[in-house]
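Chemist: Need the 3D shape of this:
(chains A and B)
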Amino acid sequence: MGDIHEVPRPRIGAGQLAQHIGKPVCFVGRVEKIHPTGKLFVLSDGVGRNTTVELSEPLDEEISGIIEVVGRVTNQATIMCVSYVQFREDKSPFDLELYNEALKIIHEFPEYFPFG
Amino acid sequence: GGYLQSPGGFASPSGAQAEKRQRIRSQNIVPCTVSQLLAAELVDEVFRICDLEIPQVTVVGIVRHAEKAPTNILYKVDDMTAAPMDVRQWVDTDEAGSENVVIPPGTYVKVAGHLRSFQNKKSLVAFKIMPLENMNEFTTHILETVNAHMILRKNLMSASGAPPFSSTVVRDTGGYGGGGSLLVNGLTAHQSQVLNLIKSCPVPEGMSLQELKLQLHSMSMSTIKQAVEFLSSEGHIYSTVDDDHYKSTDAE
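Modeler: I've put the predicted structure just below:
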C-alpha cells in the first residue's frame, strides 16, 4: 500500500484542501459522480461542497455511497488517491453531516485529537 | 508533533493531589487516538498522557493487516493519526470456534485493551475487538476522544479556585453501540457550570441568560446559549416566562 499509510493523514473537509496542498490527508465523502474513464470521481461532503478525487489506475469496481480516501492534495486542490475504502451502510446510514461537525471539533481542539 | 500544550497559567498538580485524583482512575477506559497512545509515557508502571492515567483504552481504526499465530492474532490498526498500531489478541487455545475468527483487512474495528511498551515499541493488548456495524460509532469515537481528554485534563489541572461541579465521579456511559466512554455526569465542564447556576436560582421565573453571562465571566454568550440548548434538549432545564429564562427540572 505504500508509505503514505505510515504517516499521519489529517482528516479534512473540502474547505481545508487549500491549506494541505502537497500533503497526505484523509477525506470522507459521498460519491456524486464517476468519470467514464474511471480515473476520476467526485465526492460531496453532504453540505454542498464537492471534491475531485483522481486515481493513477482506473477503478476496477463500482463505488457508491460513502468513501474514505487516503491520498495527497494536488496543486489544483484535488486529491490524488492512494487508497480508499467504502463505509458499510448495510445496517445504518452514515451521518455525513455529523462527521463534518466532528471535523470542526478536531480542528478546533487539535491538542485533544493530534495527528502525529 | 506536539501532542500536549500545557494550558497557560495552571500549575502542575502536586504529588499528593495528583495521587488522590488518580485513585479512582483505574476503572476508567479512555477513548484515544493511536497518536495519543504513542505519546503516552510509562511512569511508575502506569501509562500517562500528560499526567492522565490511561490504564484501559479504546481506539477505532481500520485493520490494515491481520496475522494469525497459534496463540494470538496480530492486527495492525490504522486511525490515520499515525502509523498503524500493533494490536494483539490472545486466543483461547482450549476453545475452538468463533473466538478465533480473524477480522479481515479493510474492516473498521473498535478495540478495547491495555497499552504495552516493549523495547520502546508501543502496542495494544486487546480484550475486545469488534468490527463496527454502524459507522456512526467511528464518528462518535472522534467526539468522545476529544471530550474525554478535554474534561480529564481540565480536571487534573483545576486549581482550588475552580467553579464547583455537582460531582466529579467518573462513570462508564453506554456508547453509541456499547463500549464505555468517559464523561463527567454526562456533561461537559461548561454545561455543568451552567446547570449548577440554574439549579441554585430560587426565583420562580428562573435564571436569565443575562444573569448567567454576568456570573460566568469567562464564557461567551454563544457558549452559554449552546450549553442551555443542550441542557434543555436533555431535559435538565426548561424555559419559563420566555426563551431567556430557565429553571432546573431537578428539585433541589
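
Chemist: Domain map for chain B?
Modeler: B:29-158, B:183-248 (the TED database).

Chemist: hey, least reliable of those by pLDDT?
Modeler: Per-segment mean pLDDT for those reaches its minimum on domain B:183-248, at a mean of 85.

Chemist: check whether that domain contacts chain A.
Modeler: No - counting by CB under 8 Å from any CB of the partner chain, chain A is not contacted by domain B:183-248; separation bottoms out at 11.6 Å. (C-beta placed from N, C-alpha, C; glycine too.)

Chemist: hang on, the earlier thing: looking at the domains of chain B, spot the one closest to residue A:76.
Modeler: Taking CB to CB, domain B:29-158 is the member of the domains of chain B nearest to residue A:76, at 23.0 Å.

Chemist: Let me see the ranges of the helices in the chain.
Modeler: No chain was given, so I picked chain A. For chain A, applying DSSP state H gives helices covering A:96-108.

Chemist: Chain B was what I was after
Modeler: Under DSSP H, chain B gives helices at B:15-22, B:34-39, B:136-157, B:189-199, B:209-215, B:221-233.

Chemist: from the domains of chain B, which stretch is densest packed?
Modeler: Mean neighbour count (mean count of other CB atoms under 10 Å in any protein chain shown) peaks for domain B:29-158 among those, with a mean of 18.

Chemist: Bridged to residue B:72, which residues?
Modeler: residue B:90 (DSSP bridges).

Chemist: Residues of chain B that sit close to chain A?
Modeler: For chain B, the residues in contact with chain A (CB under 8 Å from any CB) are B:1-5, B:33, B:35-36, B:39, B:62, B:64, B:78, B:80-84, B:106, B:108, B:132-136, B:139, B:142-143, B:145-146, B:149-150, B:153.

Chemist: picking up where we left off before, take the helices of chain B and lay them out in a markdown table including distance to residue A:23.
Modeler: Shown next, in a markdown table, are the helices of chain B (distance: least, CB to CB, whole Å):
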| stretch | distance to residue A:23 |
| --- | --- |
| helix B:15-22 | 38 |
| helix B:34-39 | 16 |
| helix B:136-157 | 20 |
| helix B:189-199 | 33 |
| helix B:209-215 | 41 |
| helix B:221-233 | 32 |
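
Chemist: hmm, back to that, need the domains of chain B in TSV (columns: distance to residue A:9).
Modeler: Formatted as TSV, these follow (distance: least, CB to CB, whole Å):
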stretch	distance to residue A:9
domain B:29-158	5
domain B:183-248	28
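
Chemist: For the closest residue to residue A:74 other than its chain neighbours, give me its contacts.
Modeler: Closest residue in space to residue A:74, ignoring its immediate chain neighbours: residue A:80 at 5.4 Å, by CB to CB, 6 or more residues apart in numbering or on different chains. Taking CB atoms under 8 Å, 6 or more residues apart in numbering or on different chains, we find residue A:80 in contact with A:54, A:56, A:71, A:72, A:73, A:74.

Chemist: which of those residues lies closest to residue B:212?
Modeler: The closest of the contacts of residue A:80, once distances to residue B:212 are taken by CB to CB, is residue A:73, at 42.8 Å.
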